[in-house]
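**Q** sharing a model that was predicted from the sequence below.
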Amino acid sequence: MKDQMNHLTQADLTPADLMEADPTPDGPHRPGGPAGAVRLLAPGVVMTPDGPMEHHAVLVADGSFRAVGPAARLERDHPHLTPIRLPAHVLMPGFVDAHHHLTQSFGAALAFGEPSEIFRRVWVPLEGALDEESAYVAAKLAALESLRGGFTTVTDAGTRAPVDVETVAAATRDAGIRCVLGLVCNDADDADGADHDGTRAAATLAAAEKHLARYAGEELVHPSLAVSVPEAATARTLAATARLAAEADTVVQIHVNEHLAAVERSLIRHSLRPLEYLREVGALGPQLLAAHATLVTPAELTLLADTGTAVSYNPVASAWKGNAVAPATTMAERGIRFGLGTDGTRGDGFRLAEAAEFAQRLAYGLATGDSSCGAGWSWLEHAGPGGADAVGLGALTGRIASGAAADFLLVDVSGPEMRPSWDLPWELLRRGNRDQITAVFVAGRLRMWRGAPVGWDGAALVDRAAELAEEVVGRAGVTRAHPTSTAARARSAAR
């Protein structure tokens, strides 16, 4: 690794080089290249499930990896293909965002400096003020940021916007990112958590079944179900959505054990902590994606491990608006499945992976003398294949392997951040950044080139988002507890 990486040079690439291919005769044209495009890519390093491999190549065809192995062998087996040599690049899995709120992108900085549990004051009114156009633009804006940051999959926890969820699906589809799309299945009355005549539950479950059928078999949109917090759904619906998700081989997303207030509400209402309550009603299991899980007891860690429940570890959200940091290193040691999520904070895969390690070091490693805190490679693992598994797509994406979807990044490692190179996984974790991402591929098609989308106008979208955001926030009635940073500075100066 050391000798190879020390002699990398900047590849002279253009988007056309990566979109040129031997297409199937009747494959439809789509932005980023033909659907049947065949490419033989020979980068400096391939990040395989067994670690970084030099002198390897990948064969991409019909949206998936058809072969991964020694470059000499693949070139010999496919003499009709001209290898695209990328000596200055690492080919690695795209990042998987295990927890996002795509239609909240207009409110990014509204949460800064705010205390925890801001959903009632900020997110609910913000999403409630969206119409069809603004919801579409907000979701596509979030997808653009995610692609720029190296995410090839985002997991949307469901929108409260008064629009058809297809609006969000269309935005991600048009942007070219893979999306696990949640449908909110809340059916409990806020006052007592009940649905006394069962009508809301029946309607909610009918909508859930329709949602799962509507997107079954789509290439980029994968249906899932969602409940905001356990008390937002009746016991019947929590159990039924778990069953429906398990049958559809997908996930139910629920915010669990995130804030002190949520844990206390559950204790007051059920005499059980949230995860304990979900076990009681039959909602724990491999189909549950528990978002956050920051406030977990040893007994609850055992529940997660024993039931195969997955977790979205959201380290940036913990720092910005949380009450605690999920014990992710302990989860890994206990065999608990988890991915990394942004919670809509910032769509930057490298910074998310770094934050995952950094938060563990500050919250747990320093106090115990753990200088490794996952040894670098583990956070890349949970940012990619571990995340794909947690969101229900482990059989499809998250790894560079034959048969997997060709969702991958080409990362330029010719600059000072990576040279000289001694330990590539650690270097990618701590020194990698989105400026080094030359290309983002989803389902075998080029979606992003040096930070700009391929096949559509990203700048025009950003401009339109700025216009709509001002209108939406103006009518949303958002309530903030903290002044803007400018106002806070003025107050400080006055004192």
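**A** Perfect, thanks for sending it. Just so it is clear, the model here is predicted, and its values are computed rather than measured.
**Q** for the rest of this, base every contact and every neighbour count on C-alpha atoms.
**A** Fine.
**Q** distance of residue 160 relative to residue 487?
**A** 31 Å (C-alpha to C-alpha, to the nearest Å).
**Q** more neighbours, the two?
**A** Legend: neighbour count by other C-alpha atoms under 10 Å for residue 160 and residue 487, higher for residue 160 (21 against 11).
**Q** the more buried one: what's it in contact with?
**A** 124, 127, 128, 184 (C-alpha atoms under 8 Å, 6 or more residues apart in numbering).
**Q** what sits closest to the first one if chain neighbours are left out?
**A** Same thing as residue 124. The shortest distance from residue 124 to any non-neighbouring residue, by C-alpha to C-alpha, 6 or more residues apart in numbering, is to residue 160 (6.9 Å).
**Q** check the one you found and give its pLDDT.
**A** For residue 160, the model assigns a pLDDT of 94.
**Q** again, but for residue 486
**A** Reported pLDDT for residue 486: 87.
**Q** quick one: secondary structure of it?
**A** helix (DSSP: H, G, I helix; E, B strand; the rest coil).
**Q** what distance do you get for residue 62 to residue 76?
**A** 21 Å.
**Q** neighbour-wise, which of those two wins?
**A** Neighbour comparison, residue 62 and residue 76: the larger count goes to residue 62, with 20 against 10 (by other C-alpha under 10 Å).
**Q** these two touch, right, that one and residue 444?
**A** Yes - Residue 62 lies in contact with residue 444 (C-alpha atoms under 8 Å); the separation is 6.9 Å.
**Q** would you list the phi and psi of residue 452?
**A** When read as degrees, to the nearest 10, the backbone of residue 452 gives phi -120, psi 140.
**Q** is it true that it touches residue 148?
**A** Yes - proximity of residue 452 to residue 148 meets the contact threshold set by C-alpha under 8 Å, at 7.2 Å.
**Q** counting neighbours, what do you get for residue 402?
**A** Neighbours around residue 402, by other C-alpha under 10 Å: 16.
**Q** can you pull the domain assignment for this structure?
**A** Domain assignment for the chain by automatic domain parsing gives 2-93+403-449, 95-390.
**Q** quickly, which of the ones you listed bottoms out on average pLDDT?
**A** Ranked by mean pLDDT, the domains of the chain end with domain 2-93+403-449 at the bottom, a mean of 84.
**Q** how far does the helix or strand that contains residue 172 sit from the chain's center?
**A** Residue 172 belongs to helix 166-175 when assigned by DSSP states H and E. Relative to its chain's centre, helix 166-175 lies at 16 Å (C-alpha atoms, centre = their mean, to the nearest Å).
**Q** hmm, back to that, among the contacts of residue 160, which lie within helices?
**A** Judged by DSSP state H, helices contain the following of the contacts of residue 160: 124, 127, 128.
**Q** from those residues, pick the one nearest residue 300.
**A** Comparing the ones in helices among the contacts of residue 160 against residue 300 with C-alpha to C-alpha places residue 124 closest, at 29.0 Å.
**Q** count the residues that sit near that closest one.
**A** Summarising burial for residue 124: neighbours were counted as other C-alpha under 10 Å, giving 18.
**Q** what's the spacing between the residue nearest to residue 433 when sequence neighbours are not counted and residue 357?
**A** The shortest distance from residue 433 to any non-neighbouring residue, by C-alpha to C-alpha, 6+ apart, is to residue 350 (5.5 Å). From residue 350 across to residue 357, the span is 11 Å (C-alpha to C-alpha).
**Q** same question for residue 411.
**A** Counting by C-alpha to C-alpha, the gap from residue 411 to residue 357 is 21 Å.
**Q** just the contacts of residue 160 now: which is nearest residue 251?
**A** Nearest member of these to residue 251, counting by C-alpha to C-alpha, is residue 184, at 12.3 Å.
**Q** could you point out which element follows the helix or strand containing residue 387?
**A** Per DSSP H and E: residue 387 is located in helix 385-390. Downstream of helix 385-390, the first helix or strand assigned by DSSP H and E is strand 408-412.
**Q** is the most centrally placed residue in the chain in a helix, a strand, or coil?
**A** The chain has residue 97 as the residue nearest its centroid, 1.0 Å off, counting by C-alpha atoms, centre = their mean. The local conformation at residue 97, judged by three-state DSSP, is strand.
**Q** and it, bridged to which residues?
**A** Note on residue 97: beta-bridge partners by DSSP bridges are residue 154.
**Q** correct me if wrong: it contacts residue 342.
**A** Yes - contact criterion C-alpha under 8 Å: residue 97 and residue 342 qualify, at 6.3 Å.
**Q** pretty sure residue 254 is in a strand, no?
**A** Yes - under three-state DSSP, residue 254 sits within a strand.
**Q** isn't residue 450 right next to residue 441, touching?
**A** No - using C-alpha under 8 Å, residue 450 makes no contact with residue 441, being 11.9 Å away.
**Q** residue 410: neighbour count?
**A** Neighbour tally, residue 410, other C-alpha under 10 Å: 24.
**Q** residues contacting it?
**A** Counted by C-alpha under 8 Å, 6+ apart, residue 410 has contacts 89, 90, 91, 92, 437, 438, 439, 440.
**Q** and the residue nearest to residue 43 when sequence neighbours are not counted, which of the three is it?
**A** Spatial nearest neighbour of residue 43, chain neighbours left out: residue 86 (4.2 Å); criterion: C-alpha to C-alpha, 6+ apart. Classification of residue 86 using three-state DSSP returns strand.
**Q** my guess is residue 86 contacts residue 44, does it?
**A** Yes - Residue 86 is within contact range of residue 44, at 6.1 Å (criterion: C-alpha under 8 Å).
**Q** ok, and for the single longest helix found in the chain, which residues are buried?
**A** Using DSSP H, we find that the single longest helix of the chain is helix 458-476. Going by neighbour count (16 or more other C-alpha atoms under 10 Å), the buried part of helix 458-476 is 458, 462, 465, 468, 469, 472, 473, 476.
**Q** tell me what that helix is packed against?
**A** helix 124-128, helix 132-148 (3 or more C-alpha pairs under 8 Å, 6 or more residues apart in numbering; DSSP states H and E).
**Q** out of these, nearest to residue 49?
**A** Using C-alpha to C-alpha, the helices and strands packed on helix 458-476 put helix 132-148 closest to residue 49, at 22.4 Å.
**Q** other SSEs contacting the closest one?
**A** Judged by 3+ C-alpha pairs under 8 Å, 6+ apart, helix 132-148 is in contact with strand 151-156, helix 166-175, strand 445-449, helix 458-476.
**Q** with distance to residue 233 as added columns, please give the ones you listed in a markdown table.
**A** Shown next, in a markdown table, are the helices and strands packed on helix 132-148 (distance: least, C-alpha to C-alpha, whole Å):
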| stretch | distance to residue 233 |
| --- | --- |
| strand 151-156 | 18 |
| helix 166-175 | 23 |
| strand 445-449 | 38 |
| helix 458-476 | 25 |
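**Q** so which of those gets nearest residue 274?
**A** The closest of these to residue 274 is strand 151-156. By C-alpha to C-alpha, the value is 21.3 Å.
**Q** angle of that closest one against helix 166-175?
**A** Between strand 151-156 and helix 166-175, the angle comes out at 180 degrees (axes from the mean of the first three to the mean of the last three C-alpha atoms, to 10 degrees).
**Q** for strand 151-156, C-alpha coordinates in PDB please.
**A** The C-alpha trace of strand 151-156 is given here as PDB (Å, rounded to 0.1, in the frame of the first residue of the first chain):
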ATOM      1  CA  PHE A 151     -24.000   9.400   0.100                       C
ATOM      2  CA  THR A 152     -25.500   7.000  -2.400                       C
ATOM      3  CA  THR A 153     -28.400   6.000  -0.200                       C
ATOM      4  CA  VAL A 154     -30.500   8.200   2.200                       C
ATOM      5  CA  THR A 155     -33.100   6.900   4.600                       C
ATOM      6  CA  ASP A 156     -36.000   9.200   5.000                       C
END
